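> Make a model of this:
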Amino acid sequence: MVQSNKISIQKTAHYYSVGKPTMQIKNFWIACHGYGQLAKNFIHKFESIEDGETFVVAPEGLSRFYWKGFSGDVGASWMTKEDRLDEIEDYAKYLQTIYDYFLPQLNKNVKITLFGFSQGCATQCRWLLKNFPLFHHLVLWAGVLPEDLDYLPHQDYFKSKTLSFVVGEKDEFLTEERLEKYLDFVENQQLHFDLIKFAGKHEVDRKVLQKLADDLKRIKLIEKP
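Numbers count the residues shown, from 1 in each chain. Below you'll find the model as predicted:
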């Protein structure tokens, strides 16, 4: 009889960063890329917000694959439907390890922004509702909240945070119909997101990102790390 088994192992994870972790850092970002991207390419989007007081870490999904056949361009994914709970457990531990490693190296009053693009949005949200790390701003860009999670019991966790949802008006994946359905779900979960639209597609626009980062810097902290 065939049996399904599993074992935990150590794995080398990769991440890229912009800025340096010092006590002079006022803004700490953890940015999760989308499906099929690599962190080494994704991190360049955040060079636009580097100002000597901002430190950005872009972890890379733990599963790499060839986009076409057996060679050529490589992408990374956070999870698939196969053994999904194990993959969620793995990347939640991974993100928590990144968080726990860098936070002690930064100013105690640092602002923490969790950023997800496309598939990275669900990645951030599942980590949040698994570990409940302290953060101040959540930015979901061109992606949605996982609808299989219940956010209603955690209103106190989210109420003091700034929640932003950014989407391009020509996004190929988030159509108007899907966006409307998604916003209804968010409202039913009693979460209050600032909706930001820009004239673009399924992409991180550097100028929009820079403006958002500047706006978040001006927000006064309600709670401190």
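
> Any regions of the chain where pLDDT drops low?
Residues of the chain meeting the criterion pLDDT under 70: 221-225.

> tell me the centre residue of it?
For the chain, the residue nearest the mean C-alpha position is residue 116 (2.6 Å; C-alpha atoms, centre = their mean).

> Give me the helices and strands touching the host helix or strand of that residue, please.
If you go by DSSP states H and E, residue 116 is part of strand 111-117. If contacts are counted by 3 or more C-beta pairs under 8 Å, 6 or more residues apart in numbering; DSSP states H and E, strand 111-117 sits against strand 27-32, helix 119-131, strand 137-141, helix 206-217. C-beta: built from backbone N, CA, C; applies to glycine.

> looking at the ones you listed, which is closest to residue 151?
helix 119-131 (7.4 Å; C-beta to C-beta).

> The strand holding residue 116 pairs with which strands?
Counting by DSSP bridges, the strands paired with strand 111-117 are strand 27-32 (parallel), strand 137-141 (parallel).

> before we move on, the earlier item: in space, what's closest to the residue nearest to the centre of the chain - neighbours in sequence excluded?
Spatial nearest neighbour of residue 116, chain neighbours left out: residue 124 (4.0 Å); criterion: C-beta to C-beta, 6 or more residues apart in numbering.

> show me the contacts for that neighbour.
By C-beta atoms under 8 Å, 6 or more residues apart in numbering, residue 124 lies in contact with 30, 32, 95, 114, 115, 116, 138, 140.

> Which secondary structure elements does the helix or strand the third one falls within sit against?
The one in question is residue 95. If you go by DSSP H and E, residue 95 is part of helix 84-102. Helices and strands touching helix 84-102, by 3+ C-beta pairs under 8 Å, 6+ apart, are strand 27-32, strand 54-59, helix 119-131.

> May I see the buried residues of the last one?
Spelled out, it's helix 119-131. Buried positions in helix 119-131, judged by neighbour count with 16 or more other C-beta atoms under 10 Å: 119, 120, 121, 122, 123, 124, 125, 126, 127, 128, 129, 130.

> now the first one
Residues 27, 28, 29, 30, 31, 32 are the ones in strand 27-32 that count as buried (16+ other C-beta under 10 Å).

> From what I see, the second one and residue 113 are in contact.
Yes - applying C-beta atoms under 8 Å as the test, residue 28 and residue 113 come out as touching, 7.1 Å apart.

> What is the end-to-end distance of stretch 143-154?
Counting by C-alpha to C-alpha, to the nearest Å, you get 21 Å between the two ends of stretch 143-154.

> Stretch 134-152 too?
The first and last residues of stretch 134-152 sit 18 Å apart, counting by C-alpha to C-alpha.

> can you give me the offset of that stretch from its chain's centre?
9 Å (C-alpha atoms, centre = their mean, to the nearest Å).

> try stretch 32-41
Mean-position distance between stretch 32-41 and its chain equals 11 Å (C-alpha atoms, centre = their mean).

> what does that stretch rub up against?
Under C-beta under 8 Å, 6+ apart, the answer for stretch 32-41 is 14-16, 42, 58-61, 67, 74-78, 95, 115-121, 123-124, 142-143.
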